[in-house]
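K.L.:
quick check, what structure comes out for this input:
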Amino acid sequence: MDIASSQHDVVSALAGVRARIERAAREAGRDPADVTLVAVSKFHPQSAVEAALQAGQRVFGENRVQEATAKFPALRKAWPDLKLHLIGGLQTNKAREAVRIADMIESLDRPSLSDALMKAADQEGRLPDLLIEVNTGDEPQKFGVPREEADAFIRASRVRFGDRLRGLMCIPPAGQDPIPHFQFLRRLADEHGLAVRSMGMSADFPQAIAQGATLVRVGTAIFGARPAGLAAN
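P.N.:
All right, here's what the predicted structure looks like:
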């Protein structure tokens, strides 16, 4: 497939996802403008991101700091209103680079990372917006604060980060009905007065919108399948 064909696929797929977001929001009695699409470009080339940018997309998600650093600084020069979210589990030794490049970090989940982010913010003179990732399925192999620890961690994080803590994020367990997980995250966000709820991916973002998502993270439905051997989102 040539680059022109690939870009056309991204543009038409993006239009389809936007239409589905609008439809899901209206069916839920919500304003579509209240739902932000995060186009998850992990593992895809810079040319695919450029195609989405040319089609008007401005918010992107990356899992790996190193990949984001390679792709996005040059793109920001051409599209200064571009917003970058880091959505993957973040190692503390990557905190300074993450703080330097990201507009939002969606994967705050432990005190040691809080410490690293505060230190990095002091060094860089900036702090991105933050979301706490909640492991709503209490899956041992996944990142995210366990359900029973979430309230205390949210309270501590609000004291520490103030208004920079914007909300919560979750990734429901594969193969389970995601709706109870979305409902749990929404209730938790509401209880703590947090406005941002990042939930829903390519397979379930309409359900997430019905349950109050304000950010949906869509990769495969826009950019296509990941290269063989790499996990899809």
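K.L.:
in the helix ranked longest in the chain, what's buried?
P.N.:
Longest helix of the chain, by residue count under DSSP state H: helix 3-27. Of all the residues in helix 3-27, those buried under the rule 16 or more other Cβ atoms under 10 Å are 6-7, 9-11, 13-14, 17-18, 20-21, 24-25. Every residue, glycine included, has its C-beta placed from N, CA and C.
K.L.:
cool, stretch 162-178 as well?
P.N.:
Quick answer for stretch 162-178 (16+ other Cβ under 10 Å): 164-172, 178.
K.L.:
rewinding a little: dump the buried residues of helix 3-27 into CSV; add distance to residue 65 as well.
P.N.:
Formatted as CSV, the buried residues of helix 3-27 follow (distance: Cβ to Cβ, whole Å):
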residue, distance to residue 65
6, 25
7, 26
9, 27
10, 23
11, 28
13, 26
14, 25
17, 25
18, 28
20, 30
21, 27
24, 31
25, 32
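K.L.:
redo the residues you listed as CSV? Include pLDDT.
P.N.:
CSV is the format used below for those (pLDDT from 0 to 100):
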residue, pLDDT
6, 57
7, 60
9, 91
10, 95
11, 95
13, 96
14, 97
17, 98
18, 98
20, 98
21, 98
24, 98
25, 98
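K.L.:
please identify which of those is nearest to residue 34.
P.N.:
Distance to residue 34, by Cβ to Cβ, is smallest for residue 25 among the buried residues of helix 3-27, at 7.1 Å.
K.L.:
tell me, what residue is most central in the protein?
P.N.:
residue 87 (4.6 Å; Cα atoms, centre = their mean).
K.L.:
mean confidence score for the host helix or strand of residue 151?
P.N.:
Per DSSP states H and E, residue 151 falls inside helix 147-161. Mean per-residue pLDDT for helix 147-161: 98.
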